[in-house]
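K.L.:
here are the coordinates; sequence isn't available:
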């Protein structure tokens, strides 16, 4: 129950982190898009204002005095509409007292309805500024000083209506808000799914670690209990001869060796999990290496009335960790000897396949059930726990073998033989 609460709490943290990340990304993205659209929409209007101002300034530089402006004051068009005044722009002339002096040219309707109460604001001089009249109509304007000293105009203000641009911008803003809401909802769902996916390896590692500790404790406790009991029995009869207590001493030594091997295997797997163990690769001849490793096992097999054969067809060198590959073959050979009986056969075949070196170890022993093959590389897994304990196995050998193969970027598979027994096939890159 406590473990589930910890998992849920961690998953909630991951979900919040993902949601915050998604929200920040979408917010930044929305702001950038909105700003770019806004600048693009108003850039054309701003260019028209600046162009109109330049045209006025050129006109003033051309004429020494500037009479009150009307439409005939502009030079005639010669090269198209660009040479004449922009029909979208309204020109307002102000005197020093802040009064409009060209109301007749503006138009009586426009002036009477919108500009009678409009006051001159010199804060944004020479700067394009947005404004709203009667909270209905949007304009961009440019206010600059008049440079002609012969007239009574102090400032000129160019106004251009941007209602269309504002409408587009408002609609786009609504779309941004709508899609942001949708993306937020999707982000919540995505954050939940991602947090769940992120928790899966953590939960799996937690379960493996818990199972590993429980199994290791169990396996360590058994030989320690046996050794302790036998030593306590020896203490009860301190005057007895060693020959009379031979069985107790031999069993204690056997369990000590078993405990030492178990500790070594646990240390190997612990280093494998932490990526602490590094391979010491070097080049060596494959068939010669296999023959050297198998030499003592051929003698053991003969002493147990078992047939041991070699079919070596890999006259190549391999770049690998010789010590770890020796450990790999020993694990597979030990298992083959444990689970075969008299007159069974054990053999190793080497060959090259798909530019890889293949070690194929076969036996005619008791074999492995089809449904159990997917578990045999799991730590502490034993198909028959009672038989494995009698033979000294704790279910770590094949897990170590798989780790050695994976560290060499290879693969290991197990299959049933046609008659009986199993075949382990190891592929390693050259």
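P.N.:
Yep, it's here. As the structure is a prediction and not an experimental result, all values here were calculated from the model.
K.L.:
going forward, measure contacts and count neighbours with C-alpha atoms only.
P.N.:
Will do.
K.L.:
Next, count neighbours for the closest residue to residue 309 other than its chain neighbours.
P.N.:
Spatially, and ignoring its direct neighbours in sequence, residue 309 is nearest to residue 347 (4.6 Å; C-alpha to C-alpha, 6 or more residues apart in numbering). Neighbourhood size, residue 347 [other C-alpha atoms under 10 Å]: 19.
K.L.:
where does the stretch 101-250 of the chain have low pLDDT?
P.N.:
Along the stretch 101-250 of the chain, the model assigns pLDDT under 70 to residues 215, 218.
K.L.:
got a list of contacts for the helix or strand where residue 130 lies?
P.N.:
Secondary structure from DSSP states H and E places residue 130 in strand 128-133. With C-alpha atoms under 8 Å, 6 or more residues apart in numbering as the test, strand 128-133 has contacts from 46, 114, 138, 139, 140, 141, 142, 143.
K.L.:
Just the residues you listed: which are in strands?
P.N.:
Secondary structure from DSSP state E places 138, 139, 140, 141, 142, 143 of the contacts of strand 128-133 in strands.
K.L.:
which residues of this structure fall in helices?
P.N.:
2-62, 103-106, 108-110, 163-236, 246-273, 286-303, 322-338, 385-390, 397-407 (DSSP state H).
K.L.:
Now find how far off-centre the first one is within its chain.
P.N.:
Right, the one you point to is helix 2-62. Here the centre of helix 2-62 is set off from its chain's centre by 27 Å, with C-alpha atoms, centre = their mean, to the nearest Å.
K.L.:
Next, the angle from that helix to strand 128-133.
P.N.:
100 degrees (axes from the mean of the first three to the mean of the last three C-alpha atoms, to 10 degrees).
K.L.:
With the longest one instead?
P.N.:
Between helix 163-236 and strand 128-133, the angle formed by their directions is 110 degrees, by the same axes, to 10 degrees.
K.L.:
And for residue 157, the neighbour number?
P.N.:
When neighbours are counted by other C-alpha under 10 Å, residue 157 comes out with 21.
K.L.:
what residues are up against residue 194?
P.N.:
By C-alpha under 8 Å, 6+ apart, the residues touching residue 194 are 15, 18.
K.L.:
Repeat the analysis, applying 10 Å as the threshold.
P.N.:
Listed by C-alpha atoms under 10 Å, 6 or more residues apart in numbering, the contact set of residue 194 reads 11, 14, 15, 18, 187, 188, 200.
K.L.:
Identify, from those, the entry nearest to residue 227.
P.N.:
Nearest to residue 227 out of the contacts of residue 194 is residue 200 (C-alpha to C-alpha; 40.7 Å).
K.L.:
Okay, residue 151 and residue 379: tell me how far apart.
P.N.:
Per C-alpha to C-alpha, to the nearest Å, residue 151 is found 98 Å from residue 379.
K.L.:
Please state the offset of stretch 312-332 from the chain centre?
P.N.:
35 Å.
K.L.:
begin at 843 from here
P.N.:
Noted, 843 is the first residue going forward, which turns the last one into stretch 1154-1174.
K.L.:
And stretch 1154-1168, end to end?
P.N.:
The first and final residues of stretch 1154-1168 sit 16 Å from each other (C-alpha to C-alpha).
K.L.:
ditto for stretch 1108-1126
P.N.:
Terminal residues of stretch 1108-1126 lie 29 Å apart, using C-alpha to C-alpha.
K.L.:
contacting residues around that stretch?
P.N.:
Under C-alpha under 10 Å, 6+ apart, the answer for stretch 1108-1126 is 1054, 1058, 1102-1104, 1106-1107, 1158-1166, 1221, 1238, 1241-1242, 1245-1246, 1249-1250, 1272.
K.L.:
6 Å - rerun?
P.N.:
Residues outside stretch 1108-1126 that contact it (C-alpha atoms under 6 Å, 6 or more residues apart in numbering) are 1159, 1160, 1161, 1162, 1163.
K.L.:
Buried residues in it, which are they?
P.N.:
For stretch 1108-1126, a neighbour-count test (16 or more other C-alpha atoms under 10 Å) marks 1108, 1110, 1111, 1114 as buried.
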